[in-house]
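# here are the coordinates; sequence isn't available:
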């Protein structure tokens, strides 16, 4: 281990592949940290999207609920609704005004609360509007959630529909995992493709081959740096989301850890695309178009911004074939529903299959020189 | 150069590409602690030959022994004892010189102090600079520093002075001579015959993949003169490069 020249009679004994791998990882990490494009793709873009969506929704979805004139206002139901933070109660309007607003979808629903005759319980009447079905749906689940809650339990029987998990589902809870996936995708694909192509073209790899370093050390060192960088970026995004925009982390640190484990799986798969692209591309200017062929469809169709259920049915099979769809899906389940990794084994399995296919191709097309 | 021990021995080296024979039956020895020059026009097979000895390229046939190790059987052992400067090689992007030296130290498994390596090639002032920001002569000196990290027995320099101004070139010659005097064997390629004459103990002329002459520069010149060769113009006691150096000074300015 001490120096190179005394080891010659002993053959390669004393040479440490680990030292070489770590030296490469360190160099690569330093290089990535100083590369503007890596920082922009991994952190700035996702954070900008999160900021935009975070502020657009004021931290979440807003549902405007009209309170029917004459409705009881000082009751626990109304109090609970206003406490959720996502429901804005609209009062002081005539029934005729409300009817118009409902028709246009400017008010998402109307509520009328009355004390039941001869009872301590309240009767709650909710009118939804077809102009705002999605928000009506959210309101339904919020109401369910409210009524399911301890304090109101005995008082309510009127509303029975139950679908959603019932935790407050904010825009950030949907957007952040998607942005995280996007960040991992672009770091994995663009970063890996650019680095290996440029190392090959500038003969950096050739110079490495004149040292005793193994090829596996070069790949692993590079991977350690990139995964490390991507995970630091992910952690940063999660923490900003959590502390500034109220991103839900059901089990706190454990949830974060699970998300990072999923992120590692994701980035490894995405780096495979990068290895393939670095092998196919002949010049650096060919990297962005080829990379976009890989990243753009996933960016748009994998549920980064919209739930894939919102896509036309002919498009959904395509969405369901993409690896990012499953990463996003698993991330949301883990973060919002508090699932463990075992609960998202199906998504992990699909990622694993993608990984095997991608690396089988990468081994064939990757070029060292 | 007392005892002529061959540290590199190349026998009947052949390298064929698909439809082109780059090297056809080269044989030569490089002696321990000499500066050996491979000379010849572009495309003669110099770089190919070097890269085969450096274990970077597979040969078609022939035998090469480097300090007792065969390129076929012990390429890893050879890599440990050689230092390689490639023609036009770049370095890892976004790193400064100290960080690059640290990287190579890790790749070689060598424990060295980066600043000491930079001092050897007089680049200690550029420790925090990026490779791309260096001048031509500084780049070559840095490349040579990276070849010395594993304290190699042999270093290979492929056209280290191409594109340098006369001062930087002379400065590099001094460095190469210092490295040889410290006990390292140097194999160098160049297109500058004055350089080969000044620097090399022995030179081999390579043409179309074959060695057409191999001897000390002195002997080769004497042979030509003895064959009746005369320069068209009487040689003066100085040439234009001497004028250049005289006018602009020996100090390299980078």
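Everything's here; your move. All of these numbers come straight from a predicted model, not from anything done at the bench.
# with adjacent residues omitted, what lies nearest to the residue of the stretch 1-150 of chain A found nearest chain B?
As assessed by CB to the nearest CB, chain B sits closest to residue A:23 within the stretch 1-150 of chain A, at 2.1 Å. No exception for glycine: its C-beta is placed from N, CA and C like everyone else's. In this structure, residue A:23 finds its nearest non-sequential neighbour in residue B:106, 2.1 Å apart by CB to CB, 6 or more residues apart in numbering or on different chains.
# looking at that neighbour now. What's its pLDDT?
If you check residue B:106, the pLDDT there is 95.
# then residue A:101?
As predicted, residue A:101 sits at a pLDDT of 79.
# so what's the residue count around it?
Neighbourhood size, residue A:101 [other CB atoms under 10 Å in any protein chain shown]: 19.
# any idea which helix or strand comes after the helix or strand containing it?
Assigned by DSSP states H and E, residue A:101 falls within helix A:95-104. Next in sequence after helix A:95-104, counting helices and strands by DSSP H and E, comes strand A:109-115.
# helices and strands around that next one, which ones?
Judged by 3 or more CB pairs under 8 Å, 6 or more residues apart in numbering or on different chains; DSSP states H and E, the packing partners of strand A:109-115 are strand A:63-67, helix A:76-83, helix A:95-104, strand A:122-128, helix A:133-148.
# what lines up beside that strand in the sheet?
Partners of strand A:109-115 in the sheet, by DSSP bridges, are strand A:63-67 (parallel), strand A:122-128 (antiparallel).
# and the contacts of the helix holding residue A:101?
Helix A:95-104 is contacted from outside by A:66, A:68-69, A:90, A:93, A:107, A:109-110, A:127, A:129, A:131, using CB atoms under 8 Å, 6 or more residues apart in numbering or on different chains.
# what does the stretch 201-350 of chain A put close to chain B?
A:202-204, A:206-213 (CB under 8 Å from any CB of the partner chain).
# need the residues you listed in TSV (columns: secondary structure and distance to residue B:54).
Putting those into TSV (DSSP: H, G, I helix; E, B strand; the rest coil; distance: CB to CB, whole Å) gives the following:
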residue	secondary structure	distance to residue B:54
A:202	coil	18
A:203	coil	13
A:204	helix	16
A:206	helix	10
A:207	helix	10
A:208	helix	12
A:209	helix	9
A:210	coil	6
A:211	coil	11
A:212	coil	12
A:213	coil	14
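# near the residue of the stretch 1-150 of chain A closest to chain B, how many other residues are there?
22.
# name the element it belongs to?
Element membership for residue A:23 (DSSP H and E) is helix A:17-33.
# by contact count, what packs against that helix?
The helices and strands touching helix A:17-33, judged by 3+ CB pairs under 8 Å, 6+ apart, are helix A:215-245, helix B:97-108.
# residue B:137 is in contact with residue B:164, correct?
Yes: look at residue B:164 against residue B:137 with CB atoms under 8 Å: they come within range, at 5.1 Å.
# of the two, which one has the most company?
Under the neighbour definition other CB under 10 Å, residue B:164 and residue B:137 were set side by side, and residue B:137 has more, 22 against 19.
# just to be sure, that one is in a helix?
Yes: secondary structure of residue B:137 (DSSP: H, G, I helix; E, B strand; the rest coil): part of a helix.
# pLDDT score for it?
pLDDT for residue B:137: 90.
# what does the one 5 residues further on give?
Note for residue B:142: predicted pLDDT of 95.
# what's the neighbour count on it?
By other CB under 10 Å, the residues close to residue B:142 number 22.
# now do the one 4 residues further on
The burial metric for residue B:146, expressed as a neighbour count using other CB under 10 Å, is 26.
# quick revisit: out of the strands paired with strand A:109-115, which gets the lowest mean score?
The stretch with the lowest mean pLDDT among the strands paired with strand A:109-115 is strand A:122-128, at a mean of 78.
# for stretch A:318-327, measure first residue to last.
Stretch A:318-327 has an end-to-end distance of 15 Å (criterion: CA to CA, to the nearest Å).
# any idea how far that stretch is from the middle of the chain?
Counting by CA atoms, centre = their mean, to the nearest Å, stretch A:318-327 is centred 13 Å from the centre of its parent chain.
# for stretch A:237-250, same thing?
How far stretch A:237-250 lies from its chain's middle: 12 Å, per CA atoms, centre = their mean.
# run a quick neighbour tally on the closest residue to chain B within the stretch 201-350 of chain A.
Residue of the stretch 201-350 of chain A nearest chain B, by CB to the nearest CB: residue A:202 (3.1 Å). Counted with other CB under 10 Å, residues neighbouring residue A:202 total 16.
# how about residue B:118?
Residue crowding around residue B:118 was assessed by other CB under 10 Å; the count is 20.
# quick one: it and residue B:126 touch, right?
Yes: between residue B:118 and residue B:126 a contact is recorded at 7.3 Å, counting by CB under 8 Å.
# list residues touching both of these two?
Counting by CB under 8 Å, 6+ apart, the contacts common to residue B:118 and residue B:126 are residue B:97.
# pull out the buried residues from the helix holding residue A:101.
A:98, A:101-102 (16 or more other CB atoms under 10 Å in any protein chain shown).
# and if you look at stretch A:343-352?
For stretch A:343-352, a neighbour-count test (16+ other CB under 10 Å) marks A:344, A:347-348, A:350-352 as buried.
# coming back round to it: what's in contact with the helix holding residue A:23?
Residues contacting helix A:17-33 (CB under 8 Å, 6+ apart): A:1, A:38-39, A:191, A:195, A:211-214, A:216-218, A:220-222, A:224-226, A:228-229, B:92-95, B:99-100, B:102-103, B:105-107, B:109.
# list the buried ones in that helix?
So helix A:17-33, judged by 16+ other CB under 10 Å, has buried residues A:17, A:19-32.
# kindly indicate which of these lies nearest residue A:170.
Residue A:170 has its nearest neighbour among the buried residues of helix A:17-33 in residue A:32, at 31.8 Å by CB to CB.
# relative to residue A:284, how far out is that closest one?
Distance, residue A:32 to residue A:284, using CB to CB, to the nearest Å: 17 Å.
# for residue B:234, same thing?
To residue A:284, residue B:234 is 54 Å away according to CB to CB.
# more neighbours: these two, which one.
Between residue B:234 and residue A:284, residue A:284 has the larger neighbour count (other CB under 10 Å), namely 12 against 6.
# list the contacts of the more buried one.
Residues in contact with residue A:284, defined by CB under 8 Å, 6+ apart, are A:194, A:197-198, A:201.
# closest one to residue B:206 out of those, please.
Checking these against residue B:206 by CB to CB gives residue A:201 as the nearest, at 27.3 Å.
# and for the closest one, the neighbour number?
Using other CB under 10 Å, residue A:201 is surrounded by 16 other residues.
# get me the contact residues on the stretch 51-200 of chain B for chain A.
Contacts of the stretch 51-200 of chain B with chain A, taken as CB under 8 Å from any CB, map to B:54-56, B:67, B:74, B:76-77, B:79-82, B:84, B:86, B:88-95, B:99-100, B:102-112, B:146, B:149-153.
# can you say which of these are buried?
Buried members of these, scored by 16+ other CB under 10 Å, are B:54-56, B:67, B:74, B:77, B:79-82, B:84, B:86, B:89-95, B:99-100, B:102-110, B:112, B:146, B:149-153.
# restricted to strands, list those.
Of those, the ones assigned to strands by DSSP state E are B:82, B:84.
# quick one: the helix holding residue A:23 to helix B:97-108, angle?
In terms of direction (axes from the mean of the first three to the mean of the last three CA atoms, to 10 degrees), helix A:17-33 departs from helix B:97-108 by 150 degrees.
# could you tell me the angle between helix A:17-33 and helix A:215-245?
Interaxial angle of helix A:17-33 relative to helix A:215-245 (the same axes, to 10 degrees): 40 degrees.
# model confidence over helix A:17-33, on average?
With pLDDT averaged residue by residue, helix A:17-33 scores 94.
# now it, how far from the centre of its chain.
28 Å.
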